[in-house]
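Peer 1: From the sequence below, what's the structure:
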Amino acid sequence: MKPSRDNPFPPDRTPSASQRFRRALLPPVEAVALWLPSHLVPRLSRRAVRRLARALGAAMARIPSGARRVARANLDVVYGATKSPEEKRAILRAAFDHAALVLLDYFWFSRHTAERVARHCAPADEAMSRWIDGRFPGLLVTAHLGNWELGGQYIALRGRSMWSVYRPIGTNRTLAPLLKFRQATGQHVIAREGAMMGMMRALRQNSLVAILLDQHTDPSDGGFYLDFFGLPAAFSNAAGHIAHRLKVPVGLVGVVHDPVEDRYRLAIYDEITSEEAAALAPKAITARIVAGLERMILANPGQWLWVYRRWKRWPLGDDPARFPFYAVVDRSVADHPQ
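Peer 2: Predicted structure coming up:
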C-alpha cells in the first residue's frame, strides 16, 4: 500500500510524534478553514467581494513566498527581455488580484449558485453560443485562466449536458465541497484516474466534456513534450487521442473576467472541426491546442495561474540553464522528443 494524501504514512513505517500530531491536527484545521469562508463570503455583497479580493491580492503580491518566486520564473520564461521588470510586476500583481477573486468566488457562487452564475456569466461570441446551444458531442479544452470552474456551471445551467474531468486534490474533506460546487447546476464529474472511458461514454451521449490541459503530465503517465513558450513542457495527449478516435470537435475556451461589467465571458479561442480531428494525428491535435493556449494566455496574462510549476521537468540532453529553477531532469526522455 502506497502513501496517499488521506493516508500519508506507509504501513511499514511508524510515524513520528510530530507526524502524529500533524495528522491529528489536520481535520479540525481543515474544518475551520472551510467553515469560515464558506459561511461568511456568500453573505457579502458583490462589491465587498471584489474589494476583499484586491486586498488579498495586494497582500499575496507583497509577501515573499515560494509561489511568488515560481511566478517570477515563469514570467521570465514567457516574456524574457521583451517586458521590463516593472511590466512583469504589474502582470504578477494583476494575477494575484485575480487569483484572490477566483478563490473568493468559489465560496460566493456556492450560495444562490444558479442565480449568481446566470447574472455574472455570459458567452462572448457566436462560436461559444453555438457550442452551448448545440446538441453535438465535443471536447472543451481550457487552462487555469480566468474562472475555469464557472464555465462548466454556466454551460450546464443553460441545459447542455456537461461533464468535467477533475484531479483529486487535498483530502476528502476539501474535495467534497469542490465536487458539490461543480455539480450545483447539473454538471457531471469524472475522476482523472481512468477518465478516458468516462469521457468517451459521455461524448457518445452527445455531451460536452471539459478538460484542463495546462497541467504537467509525466511521460510515464502518457504525457509527451511540446514546445510551450519556447521550452519543452509535458502535456497529456488524452484530448487529442479522444478527439481523433471519436472524430469529435475540440473547442479551446477561456472564461475571462471582465472587470468593467464584473462578468465572466466564455469565448472560443480556437476550434478543431470533427473533420480535422479525424484527419489529424492525436499529437498534432494536442500541439494545435497548446499553440492556442499560448495565444489565450498572452491575451489575458493577468488571469493565468503563474504560480503553477508548469515546466517541472527538462528532458535529458537539454540545457538545464534554459529552465526555471524548480525544474528537475527527466531521465526517461531525451532530446525533446515529439
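
Peer 1: Okay, now the unreliable bits of the stretch 101-250 of the chain?
Peer 2: Counting by pLDDT under 70, the stretch 101-250 of the chain has low-confidence residues at 168-176.

Peer 1: can you map out the helices along it?
Peer 2: For the stretch 101-250 of the chain, the helices defined by DSSP state H, counting those that start in this stretch cover 113-120, 126-133, 148-157, 172-182, 195-203, 238-246.

Peer 1: quick one, which of these is nearest to residue 142?
Peer 2: Among the helices of the stretch 101-250 of the chain, helix 148-157 comes nearest to residue 142, with 5.2 Å by Cβ to Cβ. Any C-beta I mention is one placed from the backbone N, CA and C, and that applies to glycine too.

Peer 1: And the contacts of that closest one?
Peer 2: 102, 105-106, 109, 113-114, 117-118, 120-122, 131-132, 140, 142, 162, 164, 181-182, 184-187, 208, 210, 212, 253, 255, 264, 266 (Cβ atoms under 8 Å, 6 or more residues apart in numbering).

Peer 1: residue closest to the middle of this structure?
Peer 2: Nearest to the geometric centre of the chain sits residue 144, at 3.2 Å (Cα atoms, centre = their mean).

Peer 1: Look up the closest residue to residue 110, ignoring the ones flanking it.
Peer 2: Using Cβ to Cβ, 6 or more residues apart in numbering and skipping the chain neighbours, the partner closest in space to residue 110 is residue 181 (5.6 Å).

Peer 1: Now do residue 63: how many residues are near it, please.
Peer 2: Residues near residue 63, counting by other Cβ atoms under 10 Å, number 10.

Peer 1: what's the spacing between it and residue 69?
Peer 2: 12 Å (Cβ to Cβ, to the nearest Å).

Peer 1: List phi and psi for residue 83.
Peer 2: Phi and psi for residue 83, reported as degrees, to the nearest 10, are phi -130, psi 150.

Peer 1: Just give me the neighbour total for it.
Peer 2: By other Cβ under 10 Å, neighbour count at residue 83 equals 16.

Peer 1: all strands for the chain, in order.
Peer 2: 121-123, 138-142, 162-166, 188-191, 208-212, 223-228, 231-236, 250-258, 263-272, 313-316, 328-334 (DSSP state E).

Peer 1: so what secondary structure elements neighbour the shortest one?
Peer 2: What it means is strand 121-123. helix 148-157, strand 263-272 (3 or more Cβ pairs under 8 Å, 6 or more residues apart in numbering; DSSP states H and E).

Peer 1: Partner strands of it and their direction?
Peer 2: Paired neighbours of strand 121-123 in the sheet (DSSP bridges): strand 263-272 (parallel).

Peer 1: Next, the residues that contact the partner strand from outside, please.
Peer 2: Residues contacting strand 263-272 (Cβ under 8 Å, 6+ apart): 120-125, 127-128, 131-132, 146-147, 150-151, 154-155, 243, 249-258, 280, 285, 288-289, 291-292, 295-296, 299.

Peer 1: Understood, closing this out.
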